[in-house]
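K.L.:
build me a model from this:
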Amino acid sequence: MGRGKVEVKQIENKISRQVTFSKRRSGLRKKAHEISVLCDAQVAFIVFNNKGKLFEFSSESSMKIILERYERHAHEAQLDGANNESQGNLSLDCFKLKNKVEVLERNLRYIF
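P.N.:
Numbering: from 1, shown residues only. Take a look at the predicted model:
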């Protein structure tokens, strides 16, 4: 027998919500550990509960190592996005200029 579908919505009862949070947080931590071991992946897991308490897991000796790597990657991706956007603009400008040149050359033919 399989499990039934669980409707995803906030649990109204505060005690049930806290119990579910604790169980699911433990399950997520276990999965994060498993993927780090099985796949040799660097994993960082950060959760804040509704009162602001921090729960974390890191497959590295320090969470800081993974967060620094993430920041470098995010910064590089942001730079790549900006470069792609500027290249797209340059391509559009080039296309417009080519069209203007063609129009001007046609006009020159009619003049002479």
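
K.L.:
can you give me the strands in the chain?
P.N.:
For the chain, strands defined by DSSP state E occupy the ranges 44-48, 54-58.

K.L.:
what is the first one packed up against?
P.N.:
What it means is strand 44-48. helix 14-39, strand 54-58, helix 63-111 (3 or more CB pairs under 8 Å, 6 or more residues apart in numbering; DSSP states H and E). For glycine as for every other residue, the C-beta is placed from the backbone atoms N, C-alpha and C.

K.L.:
out of those, nearest to Gly4?
P.N.:
In this view, these are compared for proximity to Gly4 by CB to CB, and helix 14-39 is the closest at 15.9 Å.

K.L.:
rounded mean pLDDT for the closest one, please.
P.N.:
For helix 14-39, the per-residue pLDDT values average out at 94.

K.L.:
report all helices and strands that that helix contacts.
P.N.:
Packed against helix 14-39, as judged by 3+ CB pairs under 8 Å, 6+ apart, are the following elements: strand 44-48, strand 54-58.

K.L.:
would CSV of these with distance to Lys100 and mean pLDDT be doable?
P.N.:
Supplementary listing: the helices and strands packed on helix 14-39 in CSV, determined by distance: least, CB to CB, whole Å; pLDDT from 0 to 100:
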stretch, distance to Lys100, mean pLDDT
strand 44-48, 52, 92
strand 54-58, 57, 92
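
K.L.:
residue closest to the middle of this protein?
P.N.:
Of all residues in the chain, the one closest to the mean position by CA atoms, centre = their mean is Ala74, 8.4 Å from it.

K.L.:
residues in contact with it?
P.N.:
By CB atoms under 8 Å, 6 or more residues apart in numbering, no residues touch Ala74.

K.L.:
picking up where we left off before, give me whichever of the helices and strands packed on strand 44-48 is most buried.
P.N.:
With neighbours defined as mean count of other CB atoms under 10 Å, those peak in mean count at strand 54-58, which reaches a mean of 14.

K.L.:
note down every partner strand of it and its orientation.
P.N.:
Under the criterion DSSP bridges, strand 54-58 sits next to strand 44-48 (antiparallel) in its sheet.

K.L.:
what angle separates the partner strand from helix 14-39?
P.N.:
Taking axes from the mean of the first three to the mean of the last three CA atoms, to 10 degrees, strand 44-48 and helix 14-39 form an angle of 170 degrees between their directions.
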